[in-house]
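J.: Build me a model:
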Amino acid sequence: MDRCDWCGNDPLYMKYHDEEWGVPVHKDRKHFEFLILESAQAGLSWITILRKRENYRKAYDDFDFIKVAQYDDEKVIELIQNKGIIRNKLKIAASINNAVMFIKIQEEFGSFDAYIWAFVDNSPIINHWDSIANVPATSELSDKVSKDLKKRGFKFLGSTITYAHLQATGIINDHIKSCFRCTEEATV
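T.: Residues are numbered from 1 along each chain as shown. Got it, this is the predicted structure:
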């Protein structure tokens, strides 16, 4: 079975590729989860974050953005001391800030999902790359979404991280043409 090259032979990476990456997401909690994980990933490899995902679930109250938005200094200290997650103070502070901003977007648009999918008129962008080498790290869309998120007060969500979010949540389908998931996800 042909897959996108980036997942290699790592079982966790292959499972993520086969079952999640590029599948359209429409649940706000799942969007928030990916925002937390992708901003934590800045400067690191995605597999590092995937291996810590369960630790993040526990540390971040199963990605309950309402709870995360209320984290206080005591919780920040607890997160900084948690060896199961990336203990970067700026990333942790950004995750709490982003939970607050996430809720503000929900209040304005009804859901984060409605907000983010509106950038593509609720229809995924399906690319047809020949090779993973052709897949960009950013795009005009990720630039636009990132700029809007920053304007709304989000942190640690530059264009590259935003592009990763768009890919992970199926807003952009970047499975290469030879990958068994390329056409499969186009119909989801």
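J.: what about the helices in the protein?
T.: For the chain, the helices defined by DSSP state H occupy 11-19, 28-41, 46-59, 65-69, 73-80, 89-109, 112-118, 140-151, 159-168, 181-186.
J.: How far away from the center of its chain is the fifth one?
T.: Going back to what we said before, that points to helix 73-80. Relative to the mean C-alpha coordinate of its chain, helix 73-80 is positioned 23 Å out (C-alpha atoms, centre = their mean, to the nearest Å).
J.: State the pLDDT value of the residue lying closest to Leu37 once chain neighbours are set aside.
T.: Using C-beta to C-beta, 6 or more residues apart in numbering and skipping residues adjacent in sequence, the residue nearest Leu37 is Ile49, 5.2 Å away. (C-beta placed from N, C-alpha, C; glycine too.) pLDDT recorded at Ile49 is 96.
J.: ditto for the one 5 residues further on
T.: According to the prediction, Glu54 has pLDDT 98.
J.: and if you look at the one 4 residues further on?
T.: At Lys58, the model reports a pLDDT of 98.
J.: Surely it touches Gly84?
T.: Yes: Lys58 is within contact range of Gly84, at 7.4 Å (criterion: C-beta atoms under 8 Å).
J.: these two touch, right, the residue nearest to Leu37 and Ser39?
T.: No: contact between Ile49 and Ser39 fails when scored by C-beta under 8 Å: they sit 9.8 Å apart.
J.: When those two are compared, which one has more neighbours?
T.: Ser39 (26 against 19; other C-beta atoms under 10 Å).
J.: Let me see the contact set for the more buried one.
T.: Under the criterion of C-beta atoms under 8 Å, 6 or more residues apart in numbering, the neighbours of Ser39 are Lys91, Ala94, Ser95, Asn98, Lys155, Phe156, Leu157, Ile161.
J.: ok, and the closest non-adjacent residue to it?
T.: Per C-beta to C-beta, 6+ apart, closest to Ser39 is Phe156, 3.9 Å.
J.: since we're on Phe42, how many residues are nearby?
T.: Actually, residue 42 is Ala. It isn't Phe. Quick note: Ala42 (other C-beta under 10 Å) scores 18 neighbours.
J.: I misspoke; the intended subject was Lys91.
T.: 19.
J.: That one against Ala40, yeah?
T.: Yes: in this structure, Lys91 is within contact of Ala40 by C-beta under 8 Å, at 5.4 Å.
J.: Leu157 touches Ser146, doesn't it?
T.: Yes: in terms of C-beta under 8 Å, Leu157 counts as a neighbour of Ser146; the distance is 5.9 Å.
J.: Buried residues, stretch 65-82. List them.
T.: Phe65, Val68, Ala69, Tyr71, Lys75, Leu79, Asn82 (16 or more other C-beta atoms under 10 Å).
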